[in-house]
Every structure is written in C-alpha cells, then in structure tokens.
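have a look; sequence and predicted model below, questions after that.
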Amino acid sequence: MAELGRILLVDDSRVFLSVLRTALSEIPGIEVIGSAPDGETAVNLFRTLKPNLVTLDVEMPGMGGMAALEVMHQQNLTRPKHEQTGIIMVSSLTGWGASTTVRALQAGAFDFITKPNFPNPEENIRQLRQQLQTKIRLFLLQRAPGNSPTTVAPPKPLPSIPPRAIEIVVVAASTGGPRALEQFLPEFSRRCRQPIFIVQHLPASFTASLAENLNRICARPVMEATNGTPVDPQGIYIAPGGFHLLLRREGTQLVTVLNQHPPENLCRPAADVLFRSAASVCDGRVLAIVLTGMGNDGTRGASTIKRAGGVILVQDEASSIVWGMPGSIASAGGADAVVPIGEMATFAGRLLTDSEGFR
C-alpha cells in the first residue's frame, strides 16, 4: 500500500493557504495535517505533527522560510533517509524569490514549486495541483524503505582513458542538483583545467541565481552561457533556463550556442542536447558527469559520448536525492563508474590527471 502523504502547509497568506488546500484536495492519498503562518509555528508543528512533507513559503515575516528550513534540515539529518521529511519550497518568480529558492535547494530542500499568477483562479489551482502532484509522488516513492529503482553492479575501478586528452567536461543534474553541485563543483573547479558546461533543470531566473551562488564559492568564474560567446578555457557555463546549450567550433575556438528548439525529455535545457553536441564537436574527448535528478535526461546523450570514446561518471544512489538520471545510465550499462557525491571531485580528478588535463 502506498504511503499516505501527510502534509504541513506553511505560508503567511491565508488566501494562498486556502488555494493550496484546494489544489491538494483532489490528489488521492494526501492529507493536510496542519498549517502555519510563520516559520516559528512551522518548526513547532514540524516537531509535534511529524509530517512527511512540508510546503514552505520562501518569503515570510519573522522567522522566514530559510531559517525554518535550516532547523527542519538539521532534524532530518538525525533520521534515516526513508524517515526524513520532504521540504518543498514555494517561491515567486521574482529575482529575490529565485535567489532564495536556489539557496534553499542547496541547503537541503527536496524541491520547489512556483506560485502561479494567472488571471483565472481555476488555472492557478490546476497549475499548483500539477506541480504538487509530481513532487509529492516522487518524494514518497523514493522515501519508501528498500525502494530502489534498479540494481547495478558495484562501482568499477577507475576507467581507462582513451589515448587522447579530455577536452571538456559536461555535467547534468535535476532534482537535488543545486546541493550536489555545491558539494562537488568548488573542489573540482580547483583541479580541472578544462571548460565545464552544466545543464541543471531550473527556470530561467533560477539558473542565473544558481550561477551567482556557485561563482561565489568556486575557484573559477561561473556564469550563465550566452549565445555565440567564445569559450574561456577557465569558464564554467550553466545553460540558462528555457534554452538548450550546444557547442560549435570556429576554427580552433569553441563557441557556446543557445536555442529554443522543442524540449527533449520534457526539459529545456536538456542534457541530451548538450551531450550530443559535445560528443560531435569534441570528437568524443569528453568527460560527462551525471548527478542526482528525476527522469532519464542524459541517458541517450551519454550513450553518444560513450560511443565516441568519452567517459561517463554517475552519482551513486545513496547520495542522490533522486536516482533517476544517474540510475537510468547505470542500469543501461553506460556508466564507467558509480561514485558518491563526496568522492566525485577526487575521482574525476584522478581520471583527468591520466588525460594530462589536471593540475
């Protein structure tokens, strides 16, 4: 029997709390067990009601969403993974809301939803219900004890490197990605000489905030990619939300390309698009790293890189928030190694050392 979703709602707006309740009322298996108008009340109810899910408003007076998240996350760390509470941030699409939400994702929130702002109230409720149902089902599925999406062999030894240097590194992530990138990228950026290209599934204003946050903690410049820009060998480029990121070569110079072609795997940017482009433009001299995320974006592109002679690393299940994207590649036999996020920078570093691209 599927686990019942016991949800605590946290928002300072009574109107929006009512809208949330209405949206959730038509999702089977969901029970709203309480609501709170501020962070302090939410933290107290979190301890007493023990919900398995919380929707947490980013912007609240008094103890705000970030402060409440910090307390809830610390309590989560004392519990086994299958007993932890999923915290879903509720954000506006303003610059401040996007920036705070990205910080919340890096600080331990499971995922986020955006507050719809359509003129039609029924459309707002429909959009909210659609967002919530997807996030809630995904969290409850991965929370179930022993519910592994697939079984894979133990991590392989360090893969052999093709007899040529790795020219670029491509990275893909979705749910849980901002936190994984925060754990992995600062150390990796101190070691890696190659340009790095990242697809993280986020809306437009959120990828800009992600780039700003990572730029503050990395040894190399992190920026949103722009169309037609020559690639700086020291640059770390994040695909902007709403655009696919590709590469082209003009003589010996790599150049970033953005387009708004149809989504792939329901995503734009899509990892498959970047991976295919990288394999073609760099003749397979590519290291691909696939981190935590929902779905299977990146699986076909990783296969293309592999056939061209590149190397594929994926995050392991235990350290992933959702083992969808990395698990899909691992189960298809496309991963050269399955690596915990805490070891990924060192593991990839040793690999690139052998390709003569690492300091």
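Arrived safely.

where do the helices sit along the stretch 1-150 of the chain?
14-25, 39-49, 65-76, 95-106, 121-143 (DSSP state H, counting those that start in this stretch).

contacts for the third one, please.
By that I understand helix 65-76. With contacts defined as CB atoms under 8 Å, 6 or more residues apart in numbering, helix 65-76 is touched by 10, 39-40, 42-43, 46-47, 54, 56-59, 84-85, 87, 89, 100, 103-104, 107-109. For the C-beta atoms, the positions are set from N, CA and C on the backbone; glycine is no exception.

the longest one now?
Contacts with helix 121-143, where a contact means CB under 8 Å, 6+ apart, come from 2-3, 5, 7, 19-20, 22-24, 26-27, 30, 52-53, 55, 81-82, 84, 86, 88, 110-111, 113-114, 116-118, 147, 175, 294, 321-323.

now with 6 Å?
When contacts are taken as CB atoms under 6 Å, 6 or more residues apart in numbering, the neighbours of helix 121-143 outside the stretch itself are 3, 5, 22-23, 27, 82, 86, 88, 110-111, 113, 116, 118, 294, 322.

where's Tyr237 relative to Leu247, distance?
When distance is defined by CB to CB, to the nearest Å, Tyr237 is 10 Å away from Leu247.

between these two, who's got more neighbours?
Set side by side, Tyr237 and Leu247 give different neighbour counts by other CB atoms under 10 Å, the larger being at Tyr237 (26 against 21).

okay, and the beta partners of the more buried one?
According to DSSP bridges, the partner residues bridging Tyr237 are Phe197, Met223.

and the pLDDT at it?
Model confidence at Tyr237, expressed as pLDDT, equals 98.

isn't it up against Ala225?
Yes - proximity of Tyr237 to Ala225 meets the contact threshold set by CB atoms under 6 Å, at 4.1 Å.

what residue spans form the domains of the chain?
Structural domains assigned to the chain are 5-143, 168-354, following automatic domain parsing.

and the longest one, how far apart are its ends?
Across domain 168-354, the straight-line distance between its terminal residues is 14 Å, by CA to CA, to the nearest Å.

before we move on, what about the shortest one?
Length of domain 5-143, first residue to last, CA to CA: 11 Å.

show me how far that domain is from its chain's centre.
When distances are taken as CA atoms, centre = their mean, to the nearest Å, domain 5-143 is centred 17 Å away from the chain's centroid.

restrict stretch 308-319 to CA atoms and write it as CSV.
Once side chains and other backbone atoms are set aside, the C-alpha atoms of stretch 308-319 remain, and they are given as CSV (Å, rounded to 0.1, in the frame of the first residue of the first chain):
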residue,chain,number,x,y,z
ALA,A,308,32.5,8.4,-29.5
GLY,A,309,35.2,7.4,-26.9
GLY,A,310,34.3,9.6,-23.9
VAL,A,311,33.9,8.7,-20.3
ILE,A,312,30.8,8.7,-18.1
LEU,A,313,30.6,9.1,-14.3
VAL,A,314,27.3,9.0,-12.4
GLN,A,315,26.4,9.8,-8.8
ASP,A,316,25.5,6.8,-6.7
GLU,A,317,22.0,6.1,-5.3
ALA,A,318,22.8,6.5,-1.6
SER,A,319,24.0,10.1,-2.0
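
could you report the neighbour count for Leu128?
Residues contacting Leu128 under the criterion other CB under 10 Å number 22.

heads up, I number from 26, so please use that
That works, and once the first residue is 26, the last one we named lands at Leu153.

measure it to Ser199 for me?
Relative to Ser199, and taking CB to CB, Leu153 is found at 20 Å.

what's the local residue count around the closest residue to Leu49 other than its chain neighbours?
Take Leu49 and drop its neighbours on the chain: the residue closest to it by CB to CB, 6 or more residues apart in numbering is Ile55, 5.1 Å away. One way to gauge burial is a neighbour count; for Ile55, by other CB under 10 Å, it gives 19.
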